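Fold the following.
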Amino acid sequence: MAKDRGAARPWLSSYPPGVPAKIDAGSVGTLVDLFDDSVKRFAERPAVQCFGSLLTYASIGASAEALAAWLATQNVAKGDRVALMMPNVPAYPVAIFGVLLAGCTVVNVNPLYTPRELTAQLNDSGARILLVLENFAHTVAEALPNVSLDRVVVVGPGDCLGLKGRVLGLASRYIKKAVPAYALPGKLGTTFEAVLRQGRALPRKRLPVSPDDLAFLQYTGGTTGVAKAAMLTHRNIMTNVTQSQVWFGVTPQDSQQRVMVTALPLYHIFALTCCFFFFMRIGGCCLLIPNPRDADGFIKTLKANRFTHLSGVNTLFNLLLNHPKIGEVDFSQIEFTIAGGMAIQGPVAAKWKAVAGHAIVEGYGLSETSPVVCVNPAGVTDWTGTIGYPLPSTDVSIRALDGSVAPVGEPGELCVKGPQVMAGYWKRPDETERATTADGYFRTGDVAVQQADGQFKIVDRMKDMILVSGFNVYPNEIEEVLAGHPGILECAVVGAENEETGEMVVAHVVKREDEVTADAIRTYARSQLTGYKVPRKVVFHDSLPKTNVGKVLRRALRDDQPAA
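This is a model prediction of the structure:
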C-alpha cells in the first residue's frame, strides 16, 4: 500500500493569497439551498440569457417550483431518476432545479444519442420521466418500445421566454419538423408549457433533500469505452462550487454582474458546475449558446453581448480563432477564460492571448470529481502548459504501475482524494473498486507528472499511450507540435499495429491549406521530435470525429484504420 502523503503537499505554499488549505465540506449544504438563497438574494437579476432574451432568478425560481409541484403529481419518490435530454436552451436550467426541488436525481442525456444509446442509458438509470427538446423527440419515439417511461415531456426551444419564445418555437417546428407531444403514444406525452401551467396552479411541493442525497447520475466513459454513471451527491457538487469560489476569490457584485459564456452543453459536468451552479452561487448570468458548432451564430452572439467570463475546450477556442470576424469581438471586460476537458495546445493558447488579450486559465477535472481537481490561478499572465494546483481539501498523488508514489518529475497515474470525488459508479461496484486505490484514491486513468512547486502537468490518457519499439509515445506531445504547422487546422494522433515496431504513430489531419502533403508534415515533425515519435502515416480528413463537447474521439480513429 502506498504511504499517505499527509502534509507533504508542496502546492499549498504556491496558493494565491487568501486561499485556504481546506474548506468545511460538512457545511456546504445542498443544491436546493443554493437555489433558495440565490433566488431570494438575486431575484431581479438576469440568471440566463438566450436567443436575445433574459430570464431572471425569480422567473427561473417560479418555473422550477411549478415543475417540482407537477412532478409530485406523478407520484415520484425521493431519489427517483428524471432524465433531461436537451442542449443549452432556457428550459434546461429550470428543469435541473425543478427535478432537484422534487427530491429527484437528474440524469443528463446527450441529445445527439441514437435510439440504441438512449435506450441503454434510460434502462441503466431506471429513469421514470424524460424531458426532451422537441427537435430530438424522434429519437425518443424510436426508443420507446424498449424502455419503461411513465411520462415524456416535450420541450420547445423558446419555452420560458413568453411570446417571443412561442414565435421561436413555431419557427423551429416548421424548420426542424420536430415531433410534437401528441404524436407520442397514449397519454405518455405532454408539453413543458402544459406541465408548468398545471404546476403553477398546485401548492408548492418539495421532498426533503440532504447533502448526501444523489443529485446527478453523470454518465462518462464515452471516449474510451462503455458509458457508466458517476453518482454525484449534493455535497460533491456544492463542495466543488465552494472550492472554486474560494480559489478564484469571487463574490457577488452589486454594480457589475458577471456573465459567463456557456457554450459547452449543460449536460456536461464542466458547464454544469463551473458555469451554471458556480454562477448561480455568485448571482451571475449564463449566456447560453445552444449550438456552438455554428461558428457564425456564435461569433454574432459574442459581438452582440457583454460578457466577463468564457469557458471552453481546445477545439472550441480553435473554432473561434479561425473565424474571420473574431477580431470584431470585444474581450475588454473579460476577467478570465477557463479551459478544461482536453489539453490546450500551445499554438492555440498563444493565438488566444494575441486575439483576446489575456491568457487561458487551464484546469483539470472529470465527471467523477464534480469536476474540478486542479486549476491555475485566475491571474496568470501567460498560459502555463500545466493544469495548475489541486483545489483546497484536494490531495493528488502520482502513482507508478506498482501503486507506489512516483518521484517528483516522473510520470504516473494521477490519483485524487477529496470531498468532490463521486460516491461511486451507479450499480457497478466492481468498476468502483477497480477505480479506487488501496488507500482510497480515485484512479483517473490520466498520466501526469508533479512539478517541484506542486503544479501538475497532464501527459496523456493511459489508454492513448503508444508503445513504439518499447518507447512510450504520448499523443498530446505530437499533436501540440503538429498544431504549430501553418497548414494544419486540426490534428489527432493515435497508435496502430505495426509488425516491425509493435505500434506506430498515425497522424489524422484536417488541412488548412490544400497543398500540404504527408511528407511535408513528417518533415516538420522530424525537426522537433525524435525519430520514433514522428508519424509514420498521415491520414487526411475533412473533419475529425468529436464528442458534442468537442473532444476528439481518438478511439473512433483507432477503430477505423487498418493495421500496418
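
contacts and neighbour counts: CA atoms only from here.
Will do.

thought residue 405 was touching residue 396?
No: the pair residue 405 / residue 396 is not scored as a contact, 10.5 Å apart, by C-alpha atoms under 8 Å.

Compare those two (neighbour count), which wins?
Applying other C-alpha atoms under 10 Å to residue 405 and residue 396 shows that residue 396 carries more neighbours, namely 22 against 19.

Below-threshold pLDDT in the stretch 201-350 of the chain: ranges please.
Under the criterion pLDDT under 70, the flagged ranges of the stretch 201-350 of the chain are 221-226, 253-255.

Apply 50 and report the result again.
222-225 (pLDDT under 50).

Tell me where it has helices.
With helices called from DSSP state H, counting those that start in this stretch, the stretch 201-350 of the chain shows them at 234-248, 269, 278-281, 295-304, 314-321, 346-356.

neighbouring contacts of the shortest one?
In other words, helix 269. 218, 366, 367, 370, 371 (C-alpha atoms under 8 Å, 6 or more residues apart in numbering).

quick one on the thing from earlier: of all the helices of the stretch 201-350 of the chain, which lies closest to residue 469?
Distance to residue 469, taken as C-alpha to C-alpha, is lowest for helix 346-356 among the helices of the stretch 201-350 of the chain, at 27.9 Å.

Following element in sequence after the helix or strand of the chain with the lowest mean pLDDT, please.
Every helix and strand of the chain was ranked by mean pLDDT, DSSP states H and E. The lowest is helix 162-176, at a mean of 62. For helix 162-176, the following helix or strand on the C-terminal side (DSSP states H and E) is strand 189-191.

what about that next one, average pLDDT?
In this model, strand 189-191 has a mean pLDDT of 94.

who does that strand pair up with?
Using DSSP bridges, strand 189-191 pairs in its sheet with strand 151-155 (parallel).

what about the partner strand, distance to the chain center?
Remark: strand 151-155 is offset 24 Å from the chain centroid, using C-alpha atoms, centre = their mean, to the nearest Å.

Now residue 461. Its backbone dihedrals?
Torsion angles at residue 461 (phi, psi; degrees, to the nearest 10) stand at phi -70, psi 140.

same check, this time on residue 210
phi -120, psi 160.

Please report how far residue 214 lies from residue 123.
18 Å (C-alpha to C-alpha, to the nearest Å).

now do residue 147
Per C-alpha to C-alpha, residue 147 is found 6 Å from residue 123.

ok, the two, which is more surrounded?
A count of neighbours by other C-alpha under 10 Å puts residue 147 above the other of residue 147 and residue 123, at 17 against 14.

residues in contact with the more buried one?
119, 122, 123.

do that again at 10 Å, thanks
Shown in contact with residue 147 (C-alpha atoms under 10 Å, 6 or more residues apart in numbering): 118, 119, 120, 121, 122, 123, 126, 127, 128, 140.

State the next helix or strand along the chain beyond the helix or strand containing the fourth one.
What it means is residue 121. Taking DSSP H and E as the criterion, residue 121 maps to helix 115-125. Downstream of helix 115-125, the next assigned helix or strand under DSSP H and E is strand 129-133.

Can you show me the CA trace of the helix or strand just after that following strand as PDB?
The C-terminal neighbour of strand 129-133 among helices and strands, as given by DSSP H and E, is helix 137-143. Extracted in PDB, the C-alpha atoms of helix 137-143 (Å, rounded to 0.1, in the frame of the first residue of the first chain):
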ATOM      1  CA  ALA A 137     -38.100  13.700 -29.700                       C
ATOM      2  CA  HIS A 138     -38.000  11.400 -32.800                       C
ATOM      3  CA  THR A 139     -35.100   9.600 -31.100                       C
ATOM      4  CA  VAL A 140     -37.300   9.000 -28.000                       C
ATOM      5  CA  ALA A 141     -40.200   7.800 -30.200                       C
ATOM      6  CA  GLU A 142     -37.900   5.200 -31.700                       C
ATOM      7  CA  ALA A 143     -36.600   4.100 -28.300                       C
END
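
what sits up against helix 137-143?
85-86, 111-120, 122, 130-132, 134, 144, 147, 152-155, 177-181, 183-185.

circling back to that earlier point, tabulate the helices of the stretch 201-350 of the chain (TSV), appending distance to residue 431 and mean neighbour count.
As requested, the helices of the stretch 201-350 of the chain are exported to TSV (distance: least, C-alpha to C-alpha, whole Å; neighbours: other C-alpha atoms under 10 Å):
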stretch	distance to residue 431	mean neighbour count
helix 234-248	19	24
helix 269	20	27
helix 278-281	30	23
helix 295-304	39	16
helix 314-321	29	18
helix 346-356	35	17
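
how about these, which one is nearest residue 543?
helix 314-321 (11.7 Å).

And the helices in the stretch 451-564 of the chain?
475-483, 518-526, 554-559.

So what's the gap between the shortest one and the chain middle?
Mean-position distance between helix 554-559 and its chain equals 21 Å (C-alpha atoms, centre = their mean).

If you count contacts, what does it end up packed against?
strand 488-498, strand 502-511 (3 or more C-alpha pairs under 10 Å, 6 or more residues apart in numbering; DSSP states H and E).

Pull out the CA atoms of that helix and give them to me as CSV.
Output in CSV follows, covering the C-alpha atoms of helix 554-559 (Å, rounded to 0.1, in the frame of the first residue of the first chain):
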residue,chain,number,x,y,z
ARG,A,554,-9.3,9.1,-30.7
ARG,A,555,-10.9,5.7,-30.1
ALA,A,556,-13.0,6.2,-33.3
LEU,A,557,-9.9,7.0,-35.3
ARG,A,558,-8.1,3.9,-33.9
ASP,A,559,-11.1,1.7,-34.7
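
Now do the buried residues in that helix.
Using 16 or more other C-alpha atoms under 10 Å as the burial criterion, the residues of helix 554-559 that qualify are 554, 555, 557, 558.

Of the helices of the stretch 201-350 of the chain, which is nearest residue 479?
Nearest to residue 479, of the helices of the stretch 201-350 of the chain and by C-alpha to C-alpha, is helix 346-356 at 9.9 Å.

who's in contact with residue 334?
Residue 334 sits next to 258, 259, 260, 306, 307, 308, 309, 310, 356, 357, 358 when contact means C-alpha under 10 Å, 6+ apart.

again, only this time at 7 Å
307, 308, 309 (C-alpha atoms under 7 Å, 6 or more residues apart in numbering).

swap in residue 86?
Counting by C-alpha under 7 Å, 6+ apart, residue 86 makes contact with 111, 132, 133.

Kindly state the pLDDT recorded for it?
97.

cool, and residue 112?
Residue 112 carries a pLDDT value of 87.

does it sit in a helix or strand, and which one?
For residue 112, there is no enclosing helix or strand under DSSP H and E.

how far away is it from residue 458?
Taking C-alpha to C-alpha, one finds residue 112 at 29 Å from residue 458.

related to what we said a few turns ago, and the helices of the stretch 451-564 of the chain, which is most packed in?
Comparing the helices of the stretch 451-564 of the chain by mean neighbour count (mean count of other C-alpha atoms under 10 Å), helix 475-483 comes out on top with a mean of 20.

Return the angle between stretch directions for it and helix 518-526.
120 degrees (axes from the mean of the first three to the mean of the last three C-alpha atoms, to 10 degrees).

tell me the angle of helix 475-483 relative to strand 488-498?
Using the same axes, to 10 degrees: helix 475-483 against strand 488-498 is 140 degrees.

which other residues reach helix 475-483?
345, 346, 347, 459, 460, 465, 490, 491, 492, 493, 494, 525.

Chain neighbours aside, what residue packs nearest to the residue of the chain most remote from its centre?
Ranked by distance from the centre of the chain (C-alpha atoms, centre = their mean), the top residue is residue 500, with 39.5 Å. Spatial nearest neighbour of residue 500, chain neighbours left out: residue 469 (8.0 Å); criterion: C-alpha to C-alpha, 6 or more residues apart in numbering.

Quick check, that neighbour in contact with residue 502.
Yes: between residue 469 and residue 502 there is a contact under C-alpha atoms under 7 Å: 6.2 Å.

what bridges to the closest residue to residue 376 other than its chain neighbours?
Spatial nearest neighbour of residue 376, chain neighbours left out: residue 388 (4.0 Å); criterion: C-alpha to C-alpha, 6+ apart. Listed beta-bridge partners, residue 388: residue 456 (assigned using DSSP bridges).
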